[in-house]
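Asks: here is a sequence with its predicted model. Questions after.
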Amino acid sequence: MEIRLKPEVEAMIREDLERGPYKTAEELIEQAVSEFHEREDWLAQPREEIARKIEEGWESAKQGNLMDPDEVKSAMAAHKAAWLKANRTE
């Protein structure tokens, strides 16, 4: 399959390859398509289920179950590091 991309999209892919865990454009595009499908599947969930999850989060926040900004940054950094380790192909 041959795919033609706009120059600005090609530039974004090159930038992502330079800074990310992917060695080839194929790896990056496979991951992007996979994540796209995961997001589409999530969005296709019944709206009631999504509304329920949002309500659960809101109720938890109202009860004070929140993280301060430093905790969020730390958790996200750890999550990113774990993801990079699991997805790096060397």
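Replies: Yes, it's here.
Asks: let's verify the nearest residue to residue 88 once chain neighbours are set aside: helix, strand, or coil?
Replies: Spatial nearest neighbour of residue 88, chain neighbours left out: residue 21 (4.3 Å); criterion: C-beta to C-beta, 6 or more residues apart in numbering. C-beta here means a position set from N, CA and C on the backbone, and glycine is covered the same way. Secondary structure assignment for residue 21 (DSSP: H, G, I helix; E, B strand; the rest coil): coil.
Asks: I figured residue 21 was touching residue 82, is that so?
Replies: No: in this structure, residue 21 is not within contact of residue 82 by C-beta atoms under 8 Å, at 11.7 Å.
Asks: which one of those two has more residues nearby?
Replies: Between residue 21 and residue 82, counted using other C-beta atoms under 10 Å, residue 21 has the larger neighbour count: 17 against 10.
Asks: phi, psi for the residue of the chain positioned farthest from its centre please.
Replies: Going by C-alpha atoms, centre = their mean, the residue of the chain most distant from its centre is residue 63, 27.9 Å out. Main-chain torsions, residue 63, degrees, to the nearest 10: phi -80, psi 0.
Asks: roughly how far apart are the most centrally placed residue in the chain and residue 61?
Replies: Central residue of the chain (C-alpha atoms, centre = their mean): residue 35, 6.9 Å from the mean position. Going from residue 35 to residue 61 by C-beta to C-beta, to the nearest Å gives 27 Å.
Asks: about what we covered before: give me the phi and psi for the residue nearest to residue 88.
Replies: phi -80, psi 0.
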